[in-house]
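Novice: just coords:
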Ligand code: UN1
């Protein structure tokens, strides 16, 4: 059985505990991919010491040079795309089409970050005084602690890591314990591309040990966390106490609205992809379907047939539409929500069980509940699985109110042919992302990604905004007048020539 290690202080090293855990294929629990370190506080401590040295060196490398390393990273990922996708499906479960997309998102992020090395704009503005310059510019912050989820094993770490690196920070990377192999491949690629070793540290293990030690460590001034709102709250409390810069990406309860005037065939494809793609394990997954009353019954008929026809199975086999859930805990959580739905009086239209076949993996049938009441637990709480709740509404106002009446605010979608309704939705839906005539999933790497309310804490990943998070703005004033000029006191016109 292959044993993998942490990457600390420029070497692949065993964890201080000497303990390892099995990384299993969720489609076939008997298939063990390898054994990965169960690290703890001591490993994080060593990672911080090394990253401190890495940072001292990396911050002095000009940003275009830092970007050049990421360009090579993108080139290597492009060459190895197929092989990484296969390894990712084996440890995470989603079908190959999706894992290829996940790697592609990493490639897009690499090239975007690489070109940002030649921008990282500050601003030069006029001073109110003569012979004085005023400008803002960016500086790196230090060590970035990145705590990543399992559902996008390549894309999400790259969203965090590449902007952090191009801004000149060193990185301590903790992949989710369900996907340590993809995390390892990513670090190998960074090293092959020429990243100086001490700039990146990889520490495997559980959130309670490694993640918590990173959040607690005073030597890590910046934390980026993607995961549940419950864990995010704990992370936020600690970071607040220690004055750390923190970006949180957390839960979602995303809705697709289908209006009476929508193209129903298009809306159907969107609902299936949004709800059951990645087995519903996306923060952006469609977990609510809000149907206007006239098309409600017809649309449900169309949806039921197609949902039943989805093929569950090993994501590495041809023809698989939906892979397994990530682990046994996820399965149990989904089952618990099916029970909650039934007890709340929602009607189970299809699914609701583990399939009879495929008992060797963490499979669960695509599940649809109808007659779901707005405000019920099924309608309000994040499930992170293949469960879609259908709510019937009379008009756009009610649809918008139902969409907005949850504690989360990541993504939303509306299908309509009416341009006014579409723009109203863009204006009125309380989410970080709203799609018109497209599903709730499918964010592109060069636009800001994130949500409002309890989905986040105001930061964005991806796009241009994330560079604000990973850099500190500094202001420089250079007075070359040779006299004391007092801002706000001396006249704007200064002393006459
Ligand atoms: C997530 O939902 O967890 O928008 C990330 C998408 C992907 C990223 C999703 N590009 O669906």
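Specialist: Thanks, I have it. Owing to the predicted nature of the structure, the values given are computational and were not obtained by experimental measurement.

Novice: For the nearest residue to residue 395 once chain neighbours are set aside, which residues count as its bridge partners?
Specialist: Excluding the flanking residues, the one nearest residue 395 by Cβ to Cβ, 6 or more residues apart in numbering is residue 292, at 7.0 Å. C-beta: built from backbone N, CA, C; applies to glycine. Here residue 292 sits in beta bridges with residue 393, going by DSSP bridges.

Novice: Quick check, residue 292 in contact with residue 259.
Specialist: Yes. Under the criterion of Cβ atoms under 8 Å, residue 292 lies in contact with residue 259, with a separation of 5.0 Å.

Novice: about what we covered before: contact partners for the residue nearest to residue 395?
Specialist: 257-260, 392-396, 399 (Cβ atoms under 8 Å, 6 or more residues apart in numbering).

Novice: are any of the residues you listed buried, and which?
Specialist: 257-260, 392-393, 396, 399 (16 or more other Cβ atoms under 10 Å).

Novice: Quick one: those residues as TSV, columns for pLDDT, secondary structure and distance to the ligand too.
Specialist: Formatted as TSV, those follow (pLDDT from 0 to 100; DSSP: H, G, I helix; E, B strand; the rest coil; distance: Cβ to the nearest ligand atom, whole Å):
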residue	pLDDT	secondary structure	distance to the ligand
257	99	strand	18
258	99	strand	19
259	99	coil	23
260	98	coil	27
392	98	strand	26
393	98	strand	25
396	98	helix	24
399	98	helix	22
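
Novice: Go through the lengthiest strand in the chain and flag the buried ones.
Specialist: Counting by DSSP state E, the longest strand found in the chain is strand 28-37. By neighbour count on 16+ other Cβ under 10 Å, the buried set for strand 28-37 is 28-29, 33-37.

Novice: which residues are in contact with that strand?
Specialist: 1-6, 14-15, 17, 19-25, 43, 87, 90-91, 177, 180-181, 203-205, 314, 360-362.

Novice: That strand - what's its average pLDDT?
Specialist: Mean pLDDT, strand 28-37: 98.

Novice: hang on, the earlier thing: for the buried ones among the contacts of residue 292, work out which two are farthest apart.
Specialist: 392 and 396 (13.7 Å; Cβ to Cβ).

Novice: need the residues of the stretch 351-497 of the chain near the ligand, please.
Specialist: 441-443 (Cβ under 6 Å from any ligand atom).

Novice: from the residues you listed, which is closest to residue 145?
Specialist: residue 443 (23.6 Å).

Novice: give me the number of residues near residue 188?
Specialist: 15 (other Cβ atoms under 10 Å).

Novice: what about it, is that helix, strand or coil?
Specialist: helix (DSSP: H, G, I helix; E, B strand; the rest coil).

Novice: For it, give me the pLDDT.
Specialist: In this model, residue 188 is scored at 98, pLDDT.

Novice: For it, give its distance to residue 426.
Specialist: Remark: distance between residue 188 and residue 426 (Cβ to Cβ, to the nearest Å) = 42 Å.

Novice: Quick check, the residue in the stretch 1-150 of the chain closest to the ligand?
Specialist: residue 105 (5.6 Å; Cβ to the nearest ligand atom).

Novice: Please determine how far residue 265 is located from residue 86.
Specialist: Residue 265 is 33 Å from residue 86, by Cβ to Cβ.

Novice: List the buried residues for stretch 242-260?
Specialist: 244-260.

Novice: Endpoints of it, how far apart?
Specialist: Chord length of stretch 242-260, first to last residue, is 51 Å (Cα to Cα, to the nearest Å).

Novice: Also stretch 127-141?
Specialist: One end of stretch 127-141 sits 27 Å from the other (Cα to Cα).

Novice: So what's the gap between that stretch and the chain middle?
Specialist: On the basis of Cα atoms, centre = their mean, to the nearest Å, stretch 127-141 sits 34 Å off its chain's mean C-alpha point.

Novice: So which bits of it are buried?
Specialist: 127, 129-130, 132, 134, 138, 140-141.

Novice: near the ligand, which residues of the stretch 1-150 of the chain?
Specialist: By Cβ under 6 Å from any ligand atom, the residues of the stretch 1-150 of the chain that approach the ligand are residue 105.

Novice: which residues of the stretch 1-150 of the chain fall in strands?
Specialist: 6-8, 11-13, 20-25, 28-37, 123-126, 132-139, 143-147 (DSSP state E, counting those that start in this stretch).

Novice: where's the third one relative to the chain centroid, distance-wise?
Specialist: Here strand 20-25 shows a centroid-to-chain-centroid distance of 23 Å under the convention Cα atoms, centre = their mean.

Novice: again with the fifth one
Specialist: On the basis of Cα atoms, centre = their mean, strand 123-126 sits 34 Å off its chain's mean C-alpha point.

Novice: Could you list the buried residues of that strand?
Specialist: Under 16+ other Cβ under 10 Å, strand 123-126 has no buried positions.

Novice: Count the neighbours of residue 335 for me.
Specialist: Neighbours around residue 335, by other Cβ under 10 Å: 15.

Novice: Now do the residue nearest to residue 395 against residue 261, distance only.
Specialist: 9 Å.

Novice: Would you map out the domains in the chain?
Specialist: Residue ranges for each domain of the chain read 6-250+456-475, 254-436, as given by automatic domain parsing.
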